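Peer 1: Take this sequence and fold it.
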Amino acid sequence: MGSNPILSVKIKTFSQFLKKGRKCVERKKKRKMELQTVGTTNSVVPQAEGNYFWREGEGAEVKPFTVNFGPQHPAAHGVLRLVLALHGEVVQRADPHIGLLHRGTEKLIEYKTYTQALPYVDRLDYVSMMAQEHAYSLAVEKLLGVEVPRRAQVIRVMFDEITRILNHLLAVTCHAIDVGALTPLLWGFEEREKCMEFYERVSGARMHAAYVRPGGVAQDLPLGLCDDIYAFIQQFGSRVDELEELLTENRIWKQRLVDIGVVTADQAKAWGFTGVLLRGSGVPWDLRRSQPYEVYDEIEFDIPVGKNGDCYDRYCIRVEEMRQSIRIIEQCLNMMPDGPVKADDHKITPPSRTEMKDSMEALIHHFKLYTEGYHVPAGETYAAVEAPKGEFGVMMVSDGSHRPYRCKFRAPGFHHLQGLNRMAQGHLLADVVTIIGTLDVVFGEIDR
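Peer 2: The predicted model follows:
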C-alpha cells in the first residue's frame, strides 16, 4: 500500500516547526546570557528583571516620555492641548498650547457699534454670560457718564449671582465626573436647568442672553419671575447639602484632591490669580467687597477663604460661594424697587414700543440706535466685575466715534492656566485631570 502524500507533507511541516521553535529558544537563552555579562567602561549592566533592562554607563541617556493630553480629551474642558513630559507616571513638565479657539474677538469688536459688540462678550466665557455683559456695560457707562436706574442695578446683581450658581454647579459636577463620581453631575444639572430657565424668561435665550446692556437691562422682569426665583433659592440650599454629602467627606474624593495642585499666596499673586484660586490660597480678595460696584456695598455676605491652596480648598470655596449667592439673591429680591430698568436717555437706550407708535422723535431715535449707534466721548477706562472664575475686566478706549477704538478683555482663565505647569509638577498623570478641574478654565475667554 503506497504512502499518503498529504500526510507526509504535514509531518514534514510539523518537524520543521519544532526545529524552528528549538532554535528560537536557544537564541533567547544566548541573548539573556549576553545581557547578564556585557559590560561598559564604567559599569556592568545588572541582571535582567523580567523582560526589562536598565542600561547605565558612559553615553547612556534617560529621556522623559512625552505625551499629548488633548485637545480631544473629555477632561480638557474645551480645546486644551497639554504636552506632558513624564518620568514613569510622574509629571516633570506640562506645557499648555492655546489658541485653538481663537476667533479674533477683540479685533472684530473694533468694527462693530457698541451695541453690536455686546453679543461677542457672551461668547467669551460661555458659562458666565451675564457677568461678562455686566463688565462690558460698566465700561461703556463710565465713558458715557450714564447713571443706571436702581432697579436695573439690583436686577444685574441678582443675575450675576444666578450666573455664579450656574458656573459653580458646572465646575464642581464636571470636576467630580472627571475624578470618577457620576451622581453629582446628574443632580447638579437638574438645578442648572432651573437657572437657565430664568435666563430664558428674561431674555429669550438660555445661554447668550445679551440682557445686561449699557444704560440698564434689555427689558423688565416678567410677572411671576421673582416668586419663582425665591422658590428656587428656598430649596437650592438643601440640594447643595446633598452634593456635599456625596463629596466633601468622601474618602476617595479627599484622597484625590487634598495636597494636590498646591499654590501659595505669593505664587497666586505673582501669577495674577483672582477669584476662587486666589481665595483658595488664603487671600481674601473679592471685588464685590474690596471694590464694590452697583449695590454690592449694601448687601451682606461672607467671603470664604482657604488655608492650604490645594484642589480640596478650591472645591470647598465653590460650594460655599453657592450658599453665599443664595443669601445675596434673597436680599436682592427683598430690596427690589419699582421704577425703570433703562437710563432715561433715548440717545443711548431705545424707546419703548408704545413711545415709537406715538412719537416720530422716538421712532427716529430707535432707527439711529440700531443703525449708526450712539457716539461715546473720547477717553479710556477699565471696569471689572467679580465673575465666577475671577476678575473679568474690560479695558475700553474710545476715539469719540460710534465704534470702540480698542477693547481689551482681562480673562481670569488666561492667568490661571499659566500656573498649570508649576501646579502639576511632581504629581501623577491622573492628578493633572484633578488640577484642570479646579482651575475651571473655559477656552472661549482664554483664546478669545
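
Peer 1: so how many other residues sit close to the residue nearest to Thr115 when sequence neighbours are not counted?
Peer 2: Spatially, and ignoring its direct neighbours in sequence, Thr115 is nearest to Gly373 (5.6 Å; CB to CB, 6 or more residues apart in numbering). The way it works is simple: take the backbone N, C-alpha and C, and place the C-beta from them, glycine included. Neighbour count for Gly373, taken as other CB atoms under 10 Å: 18.

Peer 1: what about Gly373, is that helix, strand or coil?
Peer 2: Applying DSSP: H, G, I helix; E, B strand; the rest coil to Gly373 yields a three-state assignment of coil.

Peer 1: That one: what's it in contact with?
Peer 2: Under the criterion of CB atoms under 8 Å, 6 or more residues apart in numbering, the contact list for Gly373 reads 113-116, 402-403.

Peer 1: Buried ones among the residues you listed?
Peer 2: Taking 16 or more other CB atoms under 10 Å as the criterion, what is buried in the contacts of Gly373 is 113-115, 402-403.

Peer 1: Nearest to Met356 among those?
Peer 2: When these are compared for distance to Met356 (CB to CB), Thr115 wins out at 16.8 Å.

Peer 1: How much space separates that closest one from Leu108?
Peer 2: Thr115 sits at a distance of 14 Å from Leu108 (criterion: CB to CB, to the nearest Å).

Peer 1: ranges for the strands of the stretch 151-300 of the chain?
Peer 2: 212-213, 216-217 (DSSP state E, counting those that start in this stretch).

Peer 1: quick one: which of those is nearest Ala268?
Peer 2: strand 212-213 (29.0 Å).

Peer 1: helices or strands next to the closest one in the packing?
Peer 2: In terms of contacts (3 or more CB pairs under 8 Å, 6 or more residues apart in numbering; DSSP states H and E), strand 212-213 is packed against helix 129-144.

Peer 1: what's the span of stretch 324-343, first residue to last?
Peer 2: Across its full length, stretch 324-343 reaches 30 Å between end residues, using CA to CA, to the nearest Å.

Peer 1: Show me which residues of that stretch are buried.
Peer 2: For stretch 324-343, burial by neighbour count (16+ other CB under 10 Å) applies to 324-332, 341-343.

Peer 1: Just the closest of the residues you listed to Gly78, please.
Peer 2: Closest approach to Gly78 among those (CB to CB): Ser325, at 24.3 Å.

Peer 1: surely that closest one meets Glu161?
Peer 2: Yes. Contact status for Ser325 versus Glu161: in contact at 4.1 Å, counting by CB atoms under 8 Å.

Peer 1: Would you mind listing the two of the buried ones among the contacts of Gly373 that lie farthest apart?
Peer 2: Within those, two members stand farthest from each other by CB to CB: Thr115 and Arg403, at 10.5 Å.

Peer 1: count of neighbours near Leu246?
Peer 2: 14.

Peer 1: Would you mind measuring from the nearest residue to Pro304 once chain neighbours are set aside to Ala75?
Peer 2: Leaving out its chain neighbours, the residue that sits closest to Pro304 by CB to CB, 6+ apart is Glu320, at 4.0 Å. Between Glu320 and Ala75 the distance, using CB to CB, works out to 24 Å.

Peer 1: What segments of the stretch 51-200 of the chain are helices?
Peer 2: Using DSSP state H, counting those that start in this stretch, the helices found in the stretch 51-200 of the chain span residues 105-109, 118-122, 129-144, 150-179, 183-203.

Peer 1: With mean neighbour count and distance to Asn308 as added columns, please give those in a markdown table.
Peer 2: As requested, these are arranged in a markdown table below (neighbours: other CB atoms under 10 Å; distance: least, CB to CB, whole Å):
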| stretch | mean neighbour count | distance to Asn308 |
| --- | --- | --- |
| helix 105-109 | 17 | 36 |
| helix 118-122 | 22 | 35 |
| helix 129-144 | 25 | 27 |
| helix 150-179 | 24 | 17 |
| helix 183-203 | 17 | 22 |
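
Peer 1: Identify the residues contacting stretch 118-130?
Peer 2: If you take CB under 8 Å, 6+ apart as the criterion, stretch 118-130 is touched by 103, 105, 108-109, 112, 131-133, 135-137, 156, 159-160, 162-164, 166-167, 170, 199, 207-214, 387-389, 392, 409, 411, 413, 442, 444-445, 448.

Peer 1: just stretch 322-342 next, same as before
Peer 2: Counting by CB under 8 Å, 6+ apart, residues outside stretch 322-342 touching it are 149-152, 154-155, 157-158, 161-162, 164-165, 168-169, 215-217, 219-220, 226, 229-230, 233, 236-237, 240, 295, 298-304, 349-350.

Peer 1: what about it, average pLDDT?
Peer 2: Stretch 322-342 shows a mean pLDDT of 91 in the predicted model.

Peer 1: next one: it to chain centre, how far?
Peer 2: For stretch 322-342, the separation from the chain centroid amounts to 26 Å (computed by CA atoms, centre = their mean, to the nearest Å).

Peer 1: ok, now stretch 169-187?
Peer 2: Average the C-alpha atoms of stretch 169-187, do the same for its chain, and the two points are 14 Å apart (CA atoms, centre = their mean).

Peer 1: so where is the protein shaky, pLDDT-wise?
Peer 2: Within the chain, the set of residues satisfying pLDDT under 70 comprises 1-61.

Peer 1: Val240: what's it in contact with?
Peer 2: Counted by CB under 8 Å, 6+ apart, Val240 has contacts 319, 322-323.

Peer 1: between these, which is closest to Glu190?
Peer 2: Closest approach between those and Glu190, by CB to CB: Met322, at 14.5 Å.

Peer 1: Can you give me the distance of that closest one to Thr173?
Peer 2: Met322 is 12 Å from Thr173, where distance means CB to CB.

Peer 1: Please apply the same query to Gly275.
Peer 2: Computed with CB to CB, the distance linking Gly275 and Thr173 is 18 Å.

Peer 1: ok, now Val83?
Peer 2: Spatial separation of Val83 from Thr173 under the definition CB to CB is 28 Å.

Peer 1: top of the contacts of Val240 by neighbour count?
Peer 2: Within the contacts of Val240, neighbour counts (other CB under 10 Å) peak at Met322, which reaches 22 neighbours.

Peer 1: got the angle between the helix or strand hosting it and helix 183-203?
Peer 2: Using DSSP states H and E, Met322 sits in helix 311-335. The directions of helix 311-335 and helix 183-203 differ by 30 degrees, with axes from the mean of the first three to the mean of the last three CA atoms, to 10 degrees as the criterion.

Peer 1: now Ala378, nearest residue through space, not along the chain?
Peer 2: When the adjacent residues along the chain are set aside, Ala378 lies closest to Gly400, with 4.0 Å between them (CB to CB, 6+ apart).
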